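Peer 1: Okay, structure incoming, though there's no sequence with it:
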């Protein structure tokens with residue numbers, strides 16, 4: 001298994017570099033640019049911070065080779081407590097982002113009038129409570145048995161992790177459904193409006209940009225939820241089909257190859273789908289290269305932020 005261990009560590013190292021670069025760009029872009037600090041932008045900021053915590057936890061695990069190192073479950077939980085918290089937090093946060101999307105469609109005027117930071121704090125509170133409860137349950141039902149590998153899925157008892165991950169799967173499937181429904185409602189509402197005001201290009205452009213925002217959100221959620229559902233399914237399959245110790249030693253360490261792209265996606269999705277984010281990212285890259293690369297393009301027009 002040594003070749004496999006080296007391969008997974010090499011892939012994880014590359015993804016860590018992409019994840020650090022991407023999420024740091026997102027965090028700095030939103031923190032330094034008022035145009036990106038919308039309600040949805042602040043939620044993306046929180047999401048990227050949680051991704052960074054996961055990536056830093058992976059860096060610690062990679063440095064100490066925790067993935068291929070047996071230790072007591074309690075000690076493993078100490079190494080991965082912040083990691084487990086952020087995984088659970090992200091799962092619920094995506095539902096909060098979907099709620100924000102739905103509210104912006106169903107009651108757009110009220111949505112614009114609500115205090116931004118109170119609104120974001122209110123949406124982030126349930127994910128925080130949910131993640132805290134998950135970690136507390138994992139800690140209470142803890143034992144000192146030796147686990148062949150130290151990763152988030154083995155930091156708690158398998159029964160506990162399966163129960164929590166099952167809740168997350170249903171929650172995330174509901175998130176996908178709510179996102180798709182919100183996009184459908186938006187498109188259904190906009191169709192008659194566009195047909196009645198075809199001559200007003202501003203309204204048409206605004207509708208087009210909103211459509212991009214909703215699709216970007218849908219892409220973010222689809223990638224995350226697909227990877228989460230696949231990882232949970234494989235975890236339960238390996239635990240059920242193989243002996244728990246064999247599964248933990250031979251197969252579970254490689255689930256990170258499914259999860260890691262999720263921690264890297266926010267930057268690349270927003271870069272590809274949002275002209276405003278893309279413009280800010282290129283401005284940051286231009287500053288890093290002292291203006292030698294990434295020249296500004298005059299044909300870029302202002303667009304709604306994600």
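Peer 2: On my side now, so go ahead. These figures come from a predicted structure and were not determined experimentally.

Peer 1: next structured bit after the helix or strand of the chain with the lowest mean pLDDT?
Peer 2: Least confident helix or strand of the chain, by mean pLDDT, DSSP states H and E, is helix 244-250 with a mean of 64. Using DSSP states H and E, the helix or strand that follows helix 244-250 in sequence is helix 256-273.

Peer 1: by contact count, what packs against that following helix?
Peer 2: If you count contacts as 3 or more CB pairs under 8 Å, 6 or more residues apart in numbering; DSSP states H and E, helix 256-273 packs onto helix 2-32, helix 39-64, helix 201-241, helix 275-288. All C-beta atoms are positioned from the backbone trio N, CA, C, and that covers glycine.

Peer 1: Return the angle between stretch directions for the first one and helix 275-288.
Peer 2: So that's helix 2-32. Here the directions of helix 2-32 and helix 275-288 differ by 100 degrees (axes from the mean of the first three to the mean of the last three CA atoms, to 10 degrees).

Peer 1: which parts of helix 2-32 are buried?
Peer 2: 8-9, 12, 15-16, 18-20, 22-23, 25-27, 29-30 (16 or more other CB atoms under 10 Å).

Peer 1: Count the neighbours of residue 141 for me.
Peer 2: Applying other CB atoms under 10 Å, we find 11 residues neighbouring residue 141.

Peer 1: Over to residue 241?
Peer 2: 10.

Peer 1: Can you pull the poorly scored residue ranges out of the stretch 101-250 of the chain?
Peer 2: Applying pLDDT under 70 to the stretch 101-250 of the chain picks out residues 190-218, 243-249.

Peer 1: follow-up on the earlier one: so for residue 133, which of the helices and strands packed on helix 256-273 sits nearest?
Peer 2: Residue 133 sits nearest to helix 39-64 of all these, at 16.6 Å, using CB to CB.

Peer 1: how far away is residue 235 from residue 47?
Peer 2: Residue 235 sits 23 Å away from residue 47, going by CB to CB, to the nearest Å.

Peer 1: Out of the buried residues of helix 2-32, which is nearest to residue 288?
Peer 2: residue 25 (9.8 Å).

Peer 1: contacting residues for the closest one?
Peer 2: Going by CB atoms under 8 Å, 6 or more residues apart in numbering, residue 25 touches 267, 281, 284.

Peer 1: Let's see that with 10 Å instead.
Peer 2: The contact partners of residue 25, taken as CB atoms under 10 Å, 6 or more residues apart in numbering, are 48, 266, 267, 270, 271, 277, 280, 281, 284, 285, 288.
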